[in-house]
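Trainee: Coordinates only, no sequence provided:
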C-alpha cells in the first residue's frame, strides 16, 4: 500500500490532498482503480463528460463521502451567473452528490468577458454550502488581479498547466503572495518528459520511474498535482512518491528544463 498522501490547507481552512487523480479522458474503471490504490482526490469537469463515471466509482468504492476530495469545473459555454448555477446543478446531478469539495471556473475565456459574473455564482454556491471551496483554472495574473480588484472571495486554487517544461514561475509567485494554492494539470507534460535525457538517468539513479521523479519535483515545490493514467500499474506508481526526496542538485537540474512549451491550449486565446 502506498504511503498516506500529505494535505495542503486552502485559504479557507479546507484541506486538500497534495496528489490526486486527473480524470481527463478516463472512465469509471480507471477512477475505481485509482480509489482502490489509495487516491482520495478526483479531479473531473463537466467538459470531460465523465462526472457520472466519477459518481458511480465513488458509490461502488464503499469509501465514505467525506474521505474523497471531489473537484469539478464549469465550462466556458456555461459561464455567466444564472447559467453557471444551472451548470453546477447539472454537475451535482451527474455526480449524484450533495456537494463538491472544490468547484472551478475551467478557463478565463477572455473574449467572453463573463468570468466575474461566473465567479459571483461560485461565491453563492460556496455560501450555500454546496462547494467547500471555490477556485479557478488556467487563469493568468491579469485575470486573478481582475477578480481580486472586484473585492470578492480570493480563489482557493488556480489549476494550471505546469510541468518542468512550463514552470510558470511568475504565476506561482503571484499565487504565493495571495494565498492561492497552485495545482498542476498535465504535471507530466502528457508523457512528454518520461524519456527526457535529464530525467531518465536521475530516475535510474534513484531506482524510480521518470514519472515518479517529476511528481516528486512538484511535491517538493509545494504544488498540488493530478496525474492521469489509464494503466493500473502507472496509476499505482504515481501515488508511490512519498518515501524518497530529490536533492537540491536534482531540483536544480529539473528547474533548468523550463522552455515555455505548452501541451494544451493557451489561455490568452482559448474561449
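Mentor: Sure, I can see it. Predicted model only: the values in this text are computed from it and were never measured.

Trainee: which residues are contacting the helix or strand residue 160 falls within?
Mentor: Using DSSP states H and E, residue 160 sits within strand 157-161. With contact meaning C-beta atoms under 8 Å, 6 or more residues apart in numbering, strand 157-161 is reached by 10, 16, 43, 71, 102, 104, 133, 135-139, 144, 168, 171, 175, 180-186, 224, 226, 262-264. Any C-beta I mention is one placed from the backbone N, CA and C, and that applies to glycine too.

Trainee: quick one: the helices in the stretch 101-250 of the chain?
Mentor: 115-127, 141-149, 169-178, 200-206, 210-221, 232-239, 248-255 (DSSP state H, counting those that start in this stretch).

Trainee: Now do the longest one against helix 141-149, angle only.
Mentor: Direction vectors for helix 115-127 and helix 141-149, defined by axes from the mean of the first three to the mean of the last three C-alpha atoms, to 10 degrees, enclose an angle of 60 degrees.

Trainee: Could you name the helices and strands sitting against helix 115-127?
Mentor: Applying 3 or more C-beta pairs under 8 Å, 6 or more residues apart in numbering; DSSP states H and E, we find helix 115-127 packed against strand 69-74, helix 81-95, strand 100-105, strand 131-137, helix 141-149.

Trainee: buried ones in it?
Mentor: Judged by neighbour count (16 or more other C-beta atoms under 10 Å), helix 115-127 contains these buried residues: 115, 118-122, 124-126.

Trainee: Check the fifth one too.
Mentor: Of the residues in helix 210-221, 210-219, 221 count as buried by neighbour count, 16+ other C-beta under 10 Å.

Trainee: Could you export these as JSON lines, including distance to residue 164 and pLDDT?
Mentor: As requested, the buried residues of helix 210-221 are exported to JSON lines (distance: C-beta to C-beta, whole Å; pLDDT from 0 to 100):
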{"residue": "210", "distance to residue 164": "11", "pLDDT": "98"}
{"residue": "211", "distance to residue 164": "12", "pLDDT": "98"}
{"residue": "212", "distance to residue 164": "14", "pLDDT": "98"}
{"residue": "213", "distance to residue 164": "10", "pLDDT": "98"}
{"residue": "214", "distance to residue 164": "6", "pLDDT": "98"}
{"residue": "215", "distance to residue 164": "11", "pLDDT": "98"}
{"residue": "216", "distance to residue 164": "12", "pLDDT": "98"}
{"residue": "217", "distance to residue 164": "7", "pLDDT": "98"}
{"residue": "218", "distance to residue 164": "9", "pLDDT": "98"}
{"residue": "219", "distance to residue 164": "13", "pLDDT": "98"}
{"residue": "221", "distance to residue 164": "10", "pLDDT": "97"}
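
Trainee: just for this protein, where's the confidence low?
Mentor: For the chain, the stretches flagged by pLDDT under 70 are 1-3.

Trainee: Just give me the closest of the buried residues of helix 210-221 to residue 4.
Mentor: Residue 4 lies nearest to residue 219 out of the buried residues of helix 210-221, by C-beta to C-beta, at 13.1 Å.

Trainee: Compute the distance between the nearest residue to residue 181 once chain neighbours are set aside and residue 100, please.
Mentor: Spatial nearest neighbour of residue 181, excluding adjacent residues (C-beta to C-beta, 6 or more residues apart in numbering): residue 157 at 4.7 Å. If you measure residue 157 against residue 100 using C-beta to C-beta, to the nearest Å, the figure is 13 Å.

Trainee: Could you do residue 22 as well?
Mentor: 16 Å.

Trainee: again with residue 35
Mentor: 16 Å.

Trainee: Could you do residue 15 as well?
Mentor: 15 Å.

Trainee: Which residue of these two possesses the greater neighbour count?
Mentor: Neighbours per residue (other C-beta atoms under 10 Å) separate residue 15 from residue 100, with residue 100 holding more: 24 against 14.

Trainee: What residues are bridge-paired with that one?
Mentor: residue 131 (DSSP bridges).

Trainee: So it is in contact with residue 132, correct?
Mentor: Yes: using C-beta atoms under 8 Å, residue 100 makes contact with residue 132 at a distance of 7.4 Å.

Trainee: Quick check: residue 203 touching residue 213?
Mentor: Yes: if you go by C-beta under 8 Å, residue 203 and residue 213 touch, sitting 4.7 Å apart.

Trainee: re the thing from before, now the angle from the strand holding residue 160 to strand 131-137?
Mentor: Using the same axes, to 10 degrees: strand 157-161 against strand 131-137 is 40 degrees.

Trainee: Having no further points to raise, I will conclude here.
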